[in-house]
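> Build the 3D model from these lines:
(chains A, B, C and D)
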There are 2 protein chains.
Amino acid sequence: MDKRLHNHTTALPLRTTIQMIASELKLTPATVSRALNNHPRISAETKQLVNETAERLQYKRNRIALSLRTGKSHTIGVILPSISMNFFGSIVHGIELLASEYGYHTLIYQSEETTDLEIKAIEAFMGARVDGILASLAKGTTDFSHYVDLQKKHIPLVLFDRSNDSLHIPSVVIDDRKGGYLATKHLIDQGYRAIAHLAGPGHFQTFRNRLEGYKDALRESELPFSSDYVFTGDLSIASGRDAADYFLGLHQPPDAVFAVEDFSALGLVKRCKERGIQIPEEMGIIGFANEGFDEHITPTLSSMDQQTVQMGREAFKMLLTLIENRKADHHPELPKIILDPVPVFRESSTRMKTNLSTAPNHPTRTKAVTDQTNIHSI
Amino acid sequence: MDKRLHNHTTALPLRTTIQMIASELKLTPATVSRALNNHPRISAETKQLVNETAERLQYKRNRIALSLRTGKSHTIGVILPSISMNFFGSIVHGIELLASEYGYHTLIYQSEETTDLEIKAIEAFMGARVDGILASLAKGTTDFSHYVDLQKKHIPLVLFDRSNDSLHIPSVVIDDRKGGYLATKHLIDQGYRAIAHLAGPGHFQTFRNRLEGYKDALRESELPFSSDYVFTGDLSIASGRDAADYFLGLHQPPDAVFAVEDFSALGLVKRCKERGIQIPEEMGIIGFANEGFDEHITPTLSSMDQQTVQMGREAFKMLLTLIENRKADHHPELPKIILDPVPVFRESSTRMKTNLSTAPNHPTRTKAVTDQTNIHSI
DNA sequence: CTGAAAGCGCTAACAT
DNA sequence: ATGTTAGCGCTTTCAG
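Down below sits the predicted model:
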């Protein structure tokens, strides 16, 4: 009562509470609360009055008190390998778009591809009493017990992009097998016949599925599959370089490579250029992810767009459903959404001029096709 | 008392509270709290006991209750234009590194370069009762009243990278003038004599300073300054293309351009290549920011590294100081940290072979030099 | 239609 | 060294 009665008319250092606006209007906090929440049994004039003074006093509902009272933090936690991978940054964007629309806050932690930081993130989220968690597995993670523990505690959890079917955790992924198939099929259509695959770590469903898609396409076109044509990398530029050296050192080097993601593909491109191999003439290359640099390098890199923004949206939607149905824990079926990848063919894989865009100077990223993607629930 | 007495030994759906571990040990919540916080006047054995059962019951301190009680949310808000700009992603990383070390959570909002979303972010932060805010100005922002309001309310606020001196808000920036000077000086050293500048929006101190640095270097070498050689863009690839067309259309086209940041520079590079201009032979180009794509395009793009991770760290440190000294509001002086940018010379500006790296195949990003940067407080 | 009272989980005086 | 009490700001029975 003694400290700050002098209103300098500019300074307003006390954050205004429901109490304040109640006493200002000679009402009860309860009434003010109800008015603010548009409770049916509150007179229109009271609501009017309350809202006006709330506005005037710049009242902002204290989410902390709200959370303590209701037991819902209206905050979700997001774990992703690295925010500086354009791909994940874009998914985050999709998540946040919907989240803020639904009044949710988003806590983001980067695992930097390590299990250790995943665990730290989860602990932070538990302390923050997040209502649910979205996660994309770190590539260093092989022991998933920290995620299984979340399931046991009935914390809503949805995996996106990098998932693992054996975990039986709800997930939003793209159809990697189809993506692998489409990418490989494209190379075949472009006249390549000795097509290799630069694969990713085998403990990811994601990368195994892309490999399967690759095989599907070969089989369909009756091209032989050879394990010599599969090099397993670790999703880095360096391993792309290594793969290039390996493939070019073979007795019968391939004339095209489908790389499991764009950084590997970039390594391939760089090493091929260094060794004087012409792309796409002597070597066709296609990646996966549609990273930001794809359209800026020379030659521009073909890739498979993973519908990142939509993936983020779908992941949040699924999580929200889990959060809302938490009490009714009758697991009806394992929710799983599979998005279709969208091919983005650029120079690195296009040696048939007829297929080139008519305006090669301005290769635009495929973004508008979002609505065409199929969503099938399993 | 009726709902969940059946422990399925696996499921543990009730989040354990201080109360629970108190009754388990026949102690008071207060004592448990003290023990957990390592209060001096608590017996060692009690602490031991409490910590053990806390561990066993997987107790996690409820930050929400803590925040309500103490009035400190231990959360900061971060506003940045776009998380998918590698540059900002990297700063966020620096912020989070220190923040999590100090037990702070980080709420991130993207302004997408609009004032509107900046305001939304601030409102969200006020609701979340963040202890302080870090922000980098959106390029669309010319009215800064929402930030000034924060100052009036004594909400700790630190601007990073994109600041504005006239606002008198604490900030962490790099020495843009020096950066502009070094970039231009480098072009001069490489033998370029007709050096143009692709500038950024004039309402940013940041970009005006880079322009000043450009002028400094010209003056030092007694090269004439001409406003014809300054093209003002909007930090986009498109404006880089426009600039290229403008410069090449001049009576006496420049033989080099210092671009205010890398996306503009990329546009320049692309358009020059399309028009058959040889880089770096006929046209030297250097950008600013050291974006991720710089070392992947052809030719690789010279740039000025902005010490992003360190900038993030410094910004958080400064904010923390403000938060801790909030009550003692004797503004001693306006805190301001100016980091030195680090030149990263690559192919796009290097036409004197002697200056080329000895291992051009593996151009590494300059990262280890962090410790050499000067920090001077004003 | 509004008021009174309790309580979410925690900490910090103020006891003892 | 530990217990008692009160309260952070809000919502929500239960009463009028």
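> give me the number of residues near A:P201?
Counted with other Cβ atoms under 10 Å in any protein chain shown, residues neighbouring A:P201 total 16. Placement of C-beta: from N, CA and C, glycine included.
> no, scratch that, I was asking about A:R61
15.
> which non-adjacent residue is nearest it?
B:G127 (6.0 Å; Cβ to Cβ, 6 or more residues apart in numbering or on different chains).
> where does A:V257 fall, phi/psi-wise?
phi -140, psi 130 (degrees, to the nearest 10).
> unless I'm mixing things up, it is touching A:A199, no?
No: using Cβ atoms under 8 Å, A:V257 is not in contact with A:A199, being 10.6 Å away.
> that older thread, my guess is the residue nearest to A:R61 meets A:I64, correct?
No: between B:G127 and A:I64 there is no contact under Cβ under 8 Å: 9.1 Å.
> Show me which of these two is the more surrounded one.
A:I64 (22 against 17).
> before we move on, which element is that one in?
Element membership for A:I64, per DSSP states H and E: helix A:63-70.
> Can you give the contact residues for that helix?
Around helix A:63-70, the neighbours that count as contacts under Cβ atoms under 8 Å, 6 or more residues apart in numbering or on different chains are A:73-75, A:105, A:129, B:64-65, B:67-68, B:73, B:127-129.
> go with 6 Å
A:73, B:64-65, B:67-68, B:127-129 (Cβ atoms under 6 Å, 6 or more residues apart in numbering or on different chains).
> ok, of the residues you listed, which one's closest to DNA strand D?
When the contacts of helix A:63-70 are ranked by distance to DNA strand D (Cβ to the nearest atom of the strand), B:L68 comes first, at 4.1 Å.
> Now do the strands in chain A.
A:75-80, A:105-110, A:132-135, A:157-160, A:171-174, A:195-199, A:230-232, A:256-259, A:284-286, A:303-305, A:336-339, A:342-344, A:375-377 (DSSP state E).
> quick one: which of these is nearest B:L134?
strand A:105-110 (14.4 Å; Cβ to Cβ).
> for that closest one, packing partners?
Strand A:105-110 sits against strand A:75-80, strand B:105-110, with contacts defined as 3 or more Cβ pairs under 6 Å, 6 or more residues apart in numbering or on different chains; DSSP states H and E.
> I'd like those as JSON lines, with mean neighbour count appended.
Below are the helices and strands packed on strand A:105-110 laid out as JSON lines (neighbours: other Cβ atoms under 10 Å in any protein chain shown):
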{"stretch": "strand A:75-80", "mean neighbour count": "26"}
{"stretch": "strand B:105-110", "mean neighbour count": "23"}
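> Now mean pLDDT too, for those strands, in a markdown table please.
What follows is these, written out as a markdown table (pLDDT from 0 to 100):
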| stretch | mean pLDDT |
| --- | --- |
| strand A:75-80 | 96 |
| strand B:105-110 | 94 |
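> Can you redo those as JSON lines, where the extra columns are distance to B:Y147?
Listed next are those as JSON lines, based on distance: least, Cβ to Cβ, whole Å:
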{"stretch": "strand A:75-80", "distance to B:Y147": "25"}
{"stretch": "strand B:105-110", "distance to B:Y147": "14"}
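> Just the local confidence number for the residue lying closest to A:I119 once chain neighbours are set aside, please.
Take A:I119 and drop its neighbours on the chain: the residue closest to it by Cβ to Cβ, 6+ apart is A:H146, 5.0 Å away. pLDDT for A:H146: 96.
> Tell me where chain A has helices.
Secondary structure of chain A (DSSP state H): helices at A:18-25, A:29-36, A:44-56, A:63-70, A:86-101, A:115-127, A:145-152, A:176-189, A:205-220, A:237-248, A:262-274, A:308-324.
> how about the fourth one: buried residues?
Taking 16 or more other Cβ atoms under 10 Å in any protein chain shown as the neighbour-count basis, helix A:63-70 is seen to contain the buried residues A:63-64, A:67-68.
> and the two most separated of the residues you listed?
The farthest-apart pair in the buried residues of helix A:63-70, when distances are taken by Cβ to Cβ, is A:R63 and A:L68, at 9.6 Å.
> Which ones among the buried residues of helix A:63-70 also lie next to DNA strand C?
A:L68 (Cβ under 7 Å from any atom of the strand).
> Adding distance to DNA strand D and pLDDT, write the buried residues of helix A:63-70 out as CSV.
Below are these laid out as CSV (distance: Cβ to the nearest atom of the strand, whole Å; pLDDT from 0 to 100):
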residue, distance to DNA strand D, pLDDT
A:R63, 8, 95
A:I64, 7, 96
A:S67, 8, 96
A:L68, 4, 95
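> which of the buried residues of helix A:63-70 lies closest to DNA strand C?
Using Cβ to the nearest atom of the strand, those come closest to DNA strand C at A:L68, 4.0 Å.
> near chain B, which residues of the stretch 201-350 of chain A show up?
A:274, A:293, A:296-298 (Cβ under 6 Å from any Cβ of the partner chain).
> Only the buried subset of those residues, as a ChimeraX command please.
For the buried members of these, the matching ChimeraX selection, counting by 16+ other Cβ under 10 Å, is:
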select /A:293,296,297,298
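> Farthest-apart pair in the residues of the stretch 201-350 of chain A next to chain B, please.
A:E274 and A:H296 (18.7 Å).
> quick one, phi psi at A:E261?
Torsion angles, degrees, to the nearest 10, at A:E261: phi -160, psi 170.
> Counting neighbours, what do you get for A:D262?
Neighbours of A:D262 (other Cβ under 10 Å): 29.
> do the same with A:L14
If we define neighbours as other Cβ under 10 Å, then A:L14 has 12 of them.
> now A:E324
Applying other Cβ under 10 Å, I find that A:E324 has 12 neighbouring residues.
> Would you reformat the strands of chain A as JSON lines and include distance to A:G94?
JSON lines is the format used below for the strands of chain A (distance: least, Cβ to Cβ, whole Å):
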{"stretch": "strand A:75-80", "distance to A:G94": "11"}
{"stretch": "strand A:105-110", "distance to A:G94": "11"}
{"stretch": "strand A:132-135", "distance to A:G94": "11"}
{"stretch": "strand A:157-160", "distance to A:G94": "9"}
{"stretch": "strand A:171-174", "distance to A:G94": "10"}
{"stretch": "strand A:195-199", "distance to A:G94": "27"}
{"stretch": "strand A:230-232", "distance to A:G94": "30"}
{"stretch": "strand A:256-259", "distance to A:G94": "24"}
{"stretch": "strand A:284-286", "distance to A:G94": "24"}
{"stretch": "strand A:303-305", "distance to A:G94": "13"}
{"stretch": "strand A:336-339", "distance to A:G94": "11"}
{"stretch": "strand A:342-344", "distance to A:G94": "15"}
{"stretch": "strand A:375-377", "distance to A:G94": "14"}
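> can you tell me which of those strands comes nearest to B:L117?
strand A:105-110 (14.3 Å).
> so that closest one versus helix B:86-101, what angle?
Inter-element angle recorded for strand A:105-110 and helix B:86-101: 90 degrees (by axes from the mean of the first three to the mean of the last three Cα atoms, to 10 degrees).
> show me what contacts A:P156?
With contact set as Cβ under 6 Å, 6+ apart, A:P156 has these partners: A:132, A:319, A:322-323.
> Against A:R326, how distant is it?
Distance, A:P156 to A:R326, using Cβ to Cβ, to the nearest Å: 6 Å.
> what domains does the record give for chain A?
A:15-45, A:70-173+A:308-339, A:176-306+A:341-369 (automatic domain parsing).
> of those, which approaches DNA strand C most closely?
The nearest among the domains of chain A, by Cβ to the nearest atom of the strand, is domain A:15-45 at 3.4 Å.
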